[in-house]
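Student: predicted structure and sequence below. I'll ask about it afterward.
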Amino acid sequence: MKRDEIDILARTIFGEARGEYDGLEGGVSSLIAVGNVVMNRLKAESWYGTSIAEVCLKPWQFSCWNEGDPNRALLMRDDIPDPVFRVCRQVATKVASGEWPDLTKGSNHYHATTLPALPAWARGQKPKIRLARHVFYQLTKGD
């Protein structure tokens, strides 16, 4: 099944941040922030990709799409029955159209605070913002 750009963005947001939607921190802002990172990468007009789908599906960029990630099987389904997915579709539409602000302050990378160690790319970098269980960074081209 061919998926459109908004659907792929919604699935990426869902796969990366759905667990934060009902949290005390985060909420819809966590969903928006993942969408912001995708759009910031798209705006960079660089190796990330030239479309939302390319940015989201680029290997090893968003772990929910990685082979072997438990989220991937759910994202590949034609129908995702979770009501949070409907929210993710609304967020994807508004973030992609520019209706909602960039909560990440220009960030193009993030990682979960639950990782056992910082990713190599994050070492020595100054975070732009932390939203719930994700830390966001704006890395320069050479990083």
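Tutor: Done, it's in.
Student: chain center to stretch 98-115: distance?
Tutor: Relative to the centre of its chain, stretch 98-115 is centred 8 Å away, using CA atoms, centre = their mean, to the nearest Å.
Student: can you point out the buried residues in it?
Tutor: Under the neighbour-count criterion of 16 or more other CB atoms under 10 Å, stretch 98-115 has 100, 102-104, 107-111 buried. C-beta here means a position set from N, CA and C on the backbone, and glycine is covered the same way.
Student: show me the strands in this structure, by range?
Tutor: 109-112, 129-131, 134-137 (DSSP state E).
Student: got a pLDDT number for the spatially closest residue to residue 22 that is not a sequence neighbour?
Tutor: Nearest residue to residue 22, sequence neighbours excluded (CB to CB, 6 or more residues apart in numbering): residue 84, at 7.8 Å. Residue 84 is assigned a predicted lDDT (pLDDT) of 93.
Student: look up how far residue 36 lies from the closest residue to residue 41 other than its chain neighbours.
Tutor: Among residues not flanking residue 41 along the chain, residue 48 sits closest, at 3.9 Å (CB to CB, 6+ apart). Distance, residue 48 to residue 36, by CB to CB, to the nearest Å: 14 Å.
Student: so between those two, which is more surrounded?
Tutor: Higher neighbour count among residue 48 and residue 36: residue 36, with 26 against 18, using other CB atoms under 10 Å.
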